[in-house]
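Asker: predicted model and sequence follow; I will ask about them next.
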Amino acid sequence: EFASITKELTQAREALLERDEEIAELKAERNNTRLLLEHLECLVSRHERSLRMTVVKRQSVAPSGVSSEVEVLKALKSLFEHHKALDEKVRERLRISLEKNSALEEELTTTKDELQHYKTSTIPAIENGEISNKNGINKEKVNGDTAQEAIENAAKIHELQIIIEKQTSELSQWQRRVSDLNNKISEIDENLSKNQKELVKSQEHCSKLQRDLRENVAQKEDQEERIATLEKRYLSAQRESTSLHDLNEKLEQELRHKEAQLK
């Protein structure tokens with residue numbers, strides 16, 4: 001029984017050493033995860049000023065430390081919320097730009113129609129004035145009024161052409177702004193999707209590490225309890241062995257004494 005207990009105690013100690021090695025590996029892996037989270041924190045801080053200020057403030061308090069998983073995950077969630085708000089803001093600006101663009105297009109169409117109207121009303125008037133002059137009809141007053149009206153219409157046409165050019169230029173600027181906003185929205189959506197995937201992956205990895213660590217700690221505690229029980233049994237068996245050894249020596253002494261008496 002003593003040999004069996006010793007063997008079982010040795011096996012338990014070996015199992016405990018294996019558990020200690022597993023726990024050390026898990027802690028090392030957890031350390032790597034913390035470094036990964038620190039990298040994520042630095043990556044995110046390049047895109048988010050408020051998070052960067054948080055990192056600077058934390059590192060000024062504990063320069064050698066790194067953020068915990070919870071801190072980084074909270075920071076990432078804060079960044080996602082910021083990106084969503086920014087996305088909504090950009091989309092609102094895009095909507096306003098599109099409305100402005102539509103209004104400019106309508107205004108440009110109206111101006112072009114008005115210009116066409118002036119052109120169609122001016123040309124017949126000029127032609128009528130020329131025909132009257134060629135036919136020698138005495139309509140100087142009418143021709144004078146027609147010429148004045150033609151000059152005014154020509155000035156109006158020139159003014160409308162300037163307005164059209166200005167509106168066309170403004171419309172082009174708004175179209176470029178709309179294109180830039182669309183590109184910015186696409187970039188924000190891409191970054192948001194990428195960061196969300198990294199966040200989910202980090203959360204799953206952290207959960208797995210915590211679960212494995214809890215299991216190994218529980219197994220270690222169970223092994224320690226078994227070792228404590230075996231050590232108690234070992235000490236008890238050792239005391240019993242010592243007692244039996246003393247009793248054996250005593251009996252041997254008595255036996256030698258009896259033999260001496262018999263001689």
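Answerer: Nice, I can see it. Numbering: from 1, shown residues only.
Asker: neighbours of Gln261, how many?
Answerer: As a burial measure, Gln261 scores 7 neighbours (other C-beta atoms under 10 Å). Yep, even glycine has a C-beta here, placed from its N, CA and C like the rest.
Asker: what does Lys197 give?
Answerer: So Lys197, with other C-beta under 10 Å, has 10 neighbours.
Asker: and what of Leu17?
Answerer: Around Leu17 there are 11 residues (other C-beta under 10 Å).
Asker: per-residue pLDDT of it, please?
Answerer: pLDDT for Leu17: 77.
Asker: please apply the same query to Arg176.
Answerer: Arg176 is given a pLDDT of 82.
Asker: so how far is Glu221 from it?
Answerer: To Glu221, Arg176 is 67 Å away according to C-beta to C-beta, to the nearest Å.
Asker: with Glu8 instead?
Answerer: 18 Å.
Asker: who has more neighbours out of these two?
Answerer: Glu8 (16 against 11).
Asker: so the more buried one sits right up against Ile227, yeah?
Answerer: No - Glu8 lies out of contact with Ile227 (C-beta atoms under 8 Å); the separation is 9.7 Å.
Asker: quick one: contacts of stretch 7-24?
Answerer: Leu213, Asn216, Val217, Gln219, Lys220, Gln223, Glu224, Arg226, Ile227, Leu230, Glu231, Tyr234 (C-beta atoms under 8 Å, 6 or more residues apart in numbering).
Asker: what's the most distant pair in the residues you listed?
Answerer: Across the contacts of stretch 7-24, the longest distance by C-beta to C-beta is 30.2 Å; it joins Leu213 and Tyr234.
Asker: mind listing what Lys100 touches?
Answerer: Contacts of Lys100 by C-beta under 8 Å, 6+ apart are Trp174.
Asker: which stretches of the stretch 101-250 of the chain form helices?
Answerer: Secondary structure of the stretch 101-250 of the chain, counting by DSSP state H, counting those that start in this stretch: helices at 140-262.
Asker: for it, which residues score under the pLDDT cut-off?
Answerer: Within the stretch 101-250 of the chain, the segments meeting pLDDT under 70 span 101, 108, 111-112, 114-115, 117-154, 157.
Asker: nearest to Asp246, out of the contacts of stretch 7-24: which one, please.
Answerer: Tyr234 (18.6 Å).
Asker: and for that closest one, the neighbour number?
Answerer: 16.
Asker: I figured it hits Thr6, correct?
Answerer: Yes - at 6.8 Å, Tyr234 and Thr6 qualify as touching, with contact defined as C-beta under 8 Å.
Asker: measure Ser193 to Ile96 for me?
Answerer: Distance from Ser193 to Ile96, by C-beta to C-beta: 26 Å.
Asker: would you reformat the contacts of stretch 7-24 as JSON lines and include distance to Lys27?
Answerer: Converted to JSON lines, these look like this (distance: C-beta to C-beta, whole Å):
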{"residue": "Leu213", "distance to Lys27": "8"}
{"residue": "Asn216", "distance to Lys27": "10"}
{"residue": "Val217", "distance to Lys27": "11"}
{"residue": "Gln219", "distance to Lys27": "15"}
{"residue": "Lys220", "distance to Lys27": "12"}
{"residue": "Gln223", "distance to Lys27": "17"}
{"residue": "Glu224", "distance to Lys27": "18"}
{"residue": "Arg226", "distance to Lys27": "23"}
{"residue": "Ile227", "distance to Lys27": "21"}
{"residue": "Leu230", "distance to Lys27": "27"}
{"residue": "Glu231", "distance to Lys27": "27"}
{"residue": "Tyr234", "distance to Lys27": "31"}
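Asker: buried subset of those?
Answerer: Leu213, Asn216, Gln219, Lys220, Gln223, Arg226, Ile227, Leu230, Tyr234 (16 or more other C-beta atoms under 10 Å).
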